[in-house]
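Enquirer: Coordinates for the following, if possible.
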Amino acid sequence: MRVRHPVAVAAVVLGLLGPWALGAERPGCRAEVRATPRADEVHADYVYKVFGVELESSEDCATVYVDFVATETLFNGEQITVTVRGHRKVTSTHTTYKVKHRIARDSELASWEFKVARCAVCGLE
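Expert: I've put the predicted structure just below:
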């Protein structure tokens, strides 16, 4: 059997499966993130900037993807921005964990932000 209209077949499949066919999140999975700076961990060549991170989710079980965006001022005054994505499986509506970000001893953390990139219900990732 030959499919004469592959676009029509794709439209029917997408119509039956909805946006999940494209890997979209299930509606209703929401998460919020808050971070609090903690005491630095100073080592000989580097410093760990430490944060207490709280996640709240609308689901009892979800995987929450969080982006940490930091701007560092280097020893020579140059600024760089780095983004690190991490994820946590949340098995209650609230969880807290520790995040460490390593910078050189002669650098400064000019700004930082944690933001939710994605929330996926367990089993639907």
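
Enquirer: From now on I want contacts and neighbour counts done on CA atoms only, so please keep to that.
Expert: OK.

Enquirer: Helices along the chain, start to end?
Expert: 6-17 (DSSP state H).

Enquirer: Go ahead and flag the most central residue of it.
Expert: Geometric centre of the chain, nearest residue: Val66, 1.7 Å, by C-alpha atoms, centre = their mean.

Enquirer: quick one: it and Tyr97, what's the gap?
Expert: Remark: distance between Val66 and Tyr97 (C-alpha to C-alpha, to the nearest Å) = 12 Å.

Enquirer: Kindly report the same for Ser57.
Expert: Look at Ser57 and Tyr97: by C-alpha to C-alpha, they are 14 Å apart.

Enquirer: Between those two, tell me which one has more neighbours.
Expert: Of the pair Ser57 and Tyr97, Ser57 is the one with more neighbours under other C-alpha atoms under 10 Å, namely 24 against 11.

Enquirer: Quick check: chain neighbours aside, which residue is closest to that one?
Expert: In space, and not counting its chain neighbours, Ser57 is closest to Ala31: 4.2 Å by C-alpha to C-alpha, 6 or more residues apart in numbering.

Enquirer: you'd agree the one you found is up against Val116?
Expert: Yes. Counting by C-alpha atoms under 8 Å, Ala31 does reach Val116; the two are 6.8 Å apart.
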